[in-house]
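> Turn this into a structure:
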Amino acid sequence: MKRIAKLGVLVMVAAMVFSLAACSSGTKTGSDTKTYVIATDTTFKPFEYENEKGERVGIDIDLLAAIAEDQGFEYELKAVGFDAALGEVSTGQSDGMIAGMSITDERKKTFDFSEPYFDSGVVMAVSASNDTIKSYADLKGQKVAVKTGTEGATFAESIKDQYGFTTVSFPDSANMYEDVKAGNSVALFEDYPVVGDAIASGVPLKMVTDMEKGSSYGFAVKKGQNPELIEMFNTGLANLKANGKYQEILDTYIKK
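Predicted structure coming up:
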């Protein structure tokens, strides 16, 4: 009888151990916390770029970091370029994207966007030594440089038939600037804070038109996916605007 009793006690203890183990396996710990993969551009200064130390910096980078800290989530940043970032999110390889991405009706078919975090616009710029091109009308018969997938490219395409010019596309701003500096293209269309930063940093260009109102930038996820990430971004953005951190980030990168 004693052996049977002892056996019963051992069975009960074993059952309790397995029960506790089963309960603990479903408990979230620090190591179990989901880490979101966020894709971004590589050369879209002042929103995302690499500084002289090889560090990834910019408005988007700092804003994402501050929102993640405010909302308590972790993320892994993938700097893959704008077009690649679009593909990363649309195919589910990345959970979200922040890359100076304009919120458009066409993109809303594929992505869900956060509240806008920056209101942009487009300007035309020419070489600093060019005194011929001063308006869209001066572009007739000329080549104009644009960066693929940007608001500037969209705007240029919308007016090129009206003003009689052709466009040449580049994957990044640096090559687009070089093309205009070399005289291969007479002008370029670019988001105003981006070309403004380039000029302030010493790139020999000048803006020759007023800013055309463009779309606002937003953080994006694949349509119908990661709604909690959009909610955290929106809440964090509102908090940063309220406590002054948002404006502090803008003032760090946008040249006055």
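
> Mind listing what's buried along the helix or strand hosting Gly214?
Element membership for Gly214 (DSSP states H and E) is strand 212-217. Under the neighbour-count criterion of 16 or more other C-beta atoms under 10 Å, strand 212-217 has Glu212, Gly214, Ser215, Ser216, Tyr217 buried. The way it works is simple: take the backbone N, C-alpha and C, and place the C-beta from them, glycine included.

> which other helices and strands contact the following helix or strand past that strand?
Next along the chain after strand 212-217, taking DSSP H and E as the criterion, comes strand 220-222. For strand 220-222, the elements it packs on are helix 82-90, strand 96-97, strand 111-113, helix 227-243, judged by 3 or more C-beta pairs under 8 Å, 6 or more residues apart in numbering; DSSP states H and E.

> For the nearest residue to Ala128 once chain neighbours are set aside, give me phi and psi.
Closest residue in space to Ala128, ignoring its immediate chain neighbours: Pro204 at 4.1 Å, by C-beta to C-beta, 6 or more residues apart in numbering. Pro204 has phi and psi values of phi -80, psi 70 when expressed as degrees, to the nearest 10.

> these two touch, right, Pro204 and Ser129?
Yes - proximity of Pro204 to Ser129 meets the contact threshold set by C-beta atoms under 8 Å, at 7.2 Å.

> what about the residue lying closest to Glu48 once chain neighbours are set aside, distance to Ala137?
For Glu48, ignoring the flanking residues on the chain, the nearest one in space by C-beta to C-beta, 6+ apart is Gly58 at 4.1 Å. Separation of Gly58 from Ala137 (C-beta to C-beta, to the nearest Å): 35 Å.

> Looking at the two, which one has more neighbours?
Using other C-beta atoms under 10 Å as the criterion, Gly58 and Ala137 rank with Gly58 on top: 25 against 10.

> Could you pull up phi and psi at that one?
phi 130, psi 170.

> residues touching it, list them.
Going by C-beta atoms under 8 Å, 6 or more residues apart in numbering, Gly58 touches Phe44, Lys45, Pro46, Phe47, Glu48, Tyr49, Tyr253.
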